[in-house]
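1. fold the following, please.
(2 chains, ligands or ions: 1)
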Amino acid sequence: MEKTHTTQQATIPFWRDERVLRVLGQIIFLIAVIVFGYYIYNNMITALAKQGMTPSFAFLNQTAGFDIGERLIEYERADFNKRAVLVAVLNTVQVSIVGIILSTILGVFLGIARLSTNFLVAKLSSIYLEILRNIPLLVLLIFWYTGIFITLPRVKEAISLGTSIFISNRGMVIPWGIPTETWRAYLIVLGVGIVLSAIVNWQLNLVGKRTGRPPLVTLWTIITFLAVAIIGWIALPQSPLTLDLPTLQGLNFKGGYTFSPEYLALLSGLVIYTAAFVGEIVRAGILSVSKGQIEASRALGLNAFQTLRLIVFPQAMRVIVPPLTSQYLNLTKNSSLAVAIGYPDLFAIAGTMHNQTGRSVEVIALMMGIYLSTSLITSVFMNFYNKKIKLVER
Amino acid sequence: MSKKLFPIVALLMVLALVFGSLPVAAGNAAQEAGYGATLATVQERGYVICGGNASVPGFGFLDEAGDYQGFDIDFCKAVAAAVFGDAEAYEIRPLSSQERFSALQSGEIDVLIRNTTWTLTRDTEVGANFVHTTFYDGQGFIVRKADGINTLEDMDGGTVCVQTGTTTEANLADTFAARGISYEPVVYEDVETGWTTYEEGRCDSYTTDKSGLVARQTLLSVPEDHMILDETISKEPLGPVVRHGDDQWFDIVQWTVFATFFAEEHGITSENAADMMAATTNPREMSFFGAEGDLGVKLGLSNDWAYNIVSLVGNYAEIYNRNLGPDTATYIPRGLNSLYTDGGLLYAPPFR
Ligand SMILES: N[C@@H](CCC(=O)N[C@@H](CS)C(=O)NCC(=O)O)C(=O)O
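-> I've put the predicted structure just below:
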């Protein structure tokens, strides 16, 4: 029996040998993909050459020549295009990170609310989720911007909250600190504060482990940090920040910090939209935890909040994190809709740059590369987190 | 390999072979626009496709009846008249500032006639060829009268709305930097959003070509509350644009423009064209009408091409007055856009 088997194997021609074919199939597929990719690339290059254009990124080292209204770093028209790209990337990253944090908070809240035993809370939350998930984001953003933020009072009639926060259709101006000479020294003080509170945290945890009665670890950690921060502030010869109060001068508010209506509309649009999806993911995650777990936890005397925090969430997280990652990626990519409402994100600036330089292919390639990298970085980070919370099987 | 996968792989192999062995065909015909290709395509199609504007009254605007009207639109009609002897053999593709050059490059349109400024970069790297300018313009600013802004310096610390995809955006930065005026730009992709926000007071001023300002002012809810500053900060020669690579088509569009200048200079109008053609003894006019020589044929058109332009669409003055004249809501004094004989810049080379 065994002998026949081997002879049979030996006589199988390679084109019918499954192992060979499997490898061969993949190789052929790979070749097909490469040839196709090359064809497309070559086609583009030839087409460009016919119009007398050769792809080049030299424009990045040329003067940008346009201004950008909102920026986190210094920038002016005489700077190079690469600087403008950096300004744009930072704007996109900033709105994405803030958006991700806020939509997570709102989403968790909504997800829990939808499962609430309180009829009104559950109903309101589910209405929110159903409506928001079914509105195209672009429509939402334009409505939010031209329908709400832009129809706020004009600068001269700005609404004032307290004495120095002003809201108008040019955004929200708030008092802001301007660093003084001691600011750098103060940053070091804050660094010391972080180290000290980390030590306190670590020591208290040890005490907790030893005695089985953890002291209020978080509270003491925070107190330590605040103490250092406050003492440092008072001890320095000059306070590290001076308060800059906004005042209406001429056409606009001067001083303070302005959140533009474009930024606020984009951020709030992204947050309320993405939170709806996060809410559903959180709900699904919570529902995936078996009822027995919750009953057992209540039977042990944990209250509702403790049950959620100690029993439900740790288990739900495993279900929540992967789809949540996609939502974070979506939010980042959706932020490119900023262009419709005048916020200078990466997509908007790339559009301007494309127009000023005439380098459409290069600008689009650059933009795709950047969006891809931010997405990959987010994914890597979330995968790392996912690994950490994964059920460790023994 | 499983049996199911085999057909897919086979298909891919075939595809790879087909694509791999193809001579690298550069996408569509448009990109190959060699000499004569555009005219052939247009004639075969039966109408000319112009990239136009849908939102600037007087230049390119969709009226209530759903028709495009305006100065730029009339030049599209003139091209149609030259090619087909039919001023209605055209189609307008409305394009935003940002979209227009991609539409031209990709061959979606045959000619771009949409308040587009002639610049060196556009003439080279963007792959566009500008024919003779049809409208000499410059960039200006519109402000609310109540704000007491009379010069650009008064705008210091203010906010300016501007549309992306324009020369306007960079001119603004250049001028304000050079004059040391601080400002905050708010840049929109969509022209309507930009004007809405200006009107709501998001910006102290909106900036674009003065022609665009005059045109859009008519659409504001209370036009009298706004005024256009005297200052002009740039040169904006606006005219039709074709793709690189097809000199014949370039010539056709270019000489269509010259034909309207020539007709005005010689007093030929849509009304008297037929009579003048029959009566004239002026050699230049005779070759213009095609009664003598074969100028039209040299362009690849019929010999009555110029007659068709004037009789069906009109001369430059007629086109101008119909859309921008004193009787229109979008009145703009002719200024530089007068014949050279009247102190303007319109000067057609000889029709010979
Ligand atoms: N002449 C300038 C600006 C032309 C331009 O696009 N103007 C705007 C301002 S009103 C416009 O026509 N927008 C209409 C649209 O995008 O639909 C250029 O060629 O860049």
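
2. quick one, helices of the chain?
-> In the absence of a named chain, this looks at chain A. Taking DSSP state H, the helices of chain A run over residues A:2-11, A:18-50, A:81-114, A:119-133, A:137-142, A:183-211, A:217-235, A:261-287, A:291-299, A:304-306, A:313-334, A:346-357, A:360-389.

3. that answer is for a different chain, and I need it for chain B
-> B:5-21, B:37-45, B:71-84, B:100-105, B:120-123, B:167-178, B:191-200, B:210-217, B:247-265, B:273-279, B:283-289, B:295-299, B:305-312, B:316-324.

4. with mean neighbour count and distance to residue A:295 as added columns, please give the ones you listed in CSV.
-> C-beta coordinates here come from the backbone N, C-alpha and C atoms, glycine included. Conversion of these to CSV gives the following (neighbours: other CB atoms under 10 Å in any protein chain shown; distance: least, CB to CB, whole Å):
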stretch, mean neighbour count, distance to residue A:295
helix B:5-21, 13, 49
helix B:37-45, 17, 74
helix B:71-84, 27, 74
helix B:100-105, 22, 62
helix B:120-123, 14, 71
helix B:167-178, 20, 64
helix B:191-200, 20, 55
helix B:210-217, 24, 67
helix B:247-265, 23, 80
helix B:273-279, 15, 94
helix B:283-289, 20, 96
helix B:295-299, 17, 89
helix B:305-312, 26, 86
helix B:316-324, 22, 78
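
5. closest to residue A:39 out of these?
-> Closest to residue A:39 of the helices of chain B is helix B:5-21 (CB to CB; 4.5 Å).

6. circling back: got the helices of chain A as a markdown table, with mean neighbour count and distance to residue B:252 columns?
-> Formatted as a markdown table, these follow (neighbours: other CB under 10 Å; distance: least, CB to CB, whole Å):
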| stretch | mean neighbour count | distance to residue B:252 |
| --- | --- | --- |
| helix A:2-11 | 8 | 73 |
| helix A:18-50 | 14 | 21 |
| helix A:81-114 | 20 | 37 |
| helix A:119-133 | 14 | 54 |
| helix A:137-142 | 17 | 40 |
| helix A:183-211 | 14 | 67 |
| helix A:217-235 | 14 | 75 |
| helix A:261-287 | 23 | 44 |
| helix A:291-299 | 12 | 78 |
| helix A:304-306 | 11 | 78 |
| helix A:313-334 | 18 | 44 |
| helix A:346-357 | 24 | 27 |
| helix A:360-389 | 15 | 27 |
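
7. of all those, which one is nearest residue A:151?
-> If you check each of those against residue A:151 by CB to CB, helix A:261-287 wins as the nearest, at 10.0 Å.

8. low-confidence regions, the chain specifically.
-> Just going to use chain A. Per-residue confidence for chain A (pLDDT under 70) gives these ranges: A:1-10, A:51-52, A:214, A:392-394.

9. let's do chain B instead
-> For chain B, residues meeting the criterion pLDDT under 70 lie at B:1-33.

10. now do 50
-> Counting by pLDDT under 50, chain B has low-confidence residues at B:1-3, B:16, B:18-31.

11. run through who's touching stretch B:324-337.
-> Outside of stretch B:324-337, the residues within contact range by CB atoms under 8 Å, 6 or more residues apart in numbering or on different chains are B:57-58, B:71, B:135-136, B:210-211, B:214-215, B:218, B:320-323, B:342, B:344-346.

12. just stretch A:369-378 next, same as before
-> The contact list for stretch A:369-378, computed with CB under 8 Å, 6+ apart, reads A:85, A:89, A:92-93, A:96, A:325, A:328-329, A:332-333, A:336, A:346.

13. equivalent analysis for stretch A:254-268, please.
-> The set of residues that contact stretch A:254-268 without belonging to it, under CB under 8 Å, 6+ apart, is A:69-70, A:95, A:98-99, A:102, A:141, A:144-145, A:148-150, A:152, A:164, A:169-176, A:244-248, A:335, A:337-338, A:341-343, A:345, B:157, B:186, B:202.

14. make it 7 Å
-> By CB atoms under 7 Å, 6 or more residues apart in numbering or on different chains, the surrounding residues in contact with stretch A:254-268 are A:70, A:95, A:98-99, A:141, A:144-145, A:149-150, A:169-176, A:244-247, A:335, A:338, A:341-343, B:157, B:186, B:202.

15. I'd guessed residue B:175 sits against residue B:232; true?
-> No: with the criterion set as CB atoms under 7 Å, residue B:175 and residue B:232 do not qualify as a contacting pair; they are 10.4 Å apart.
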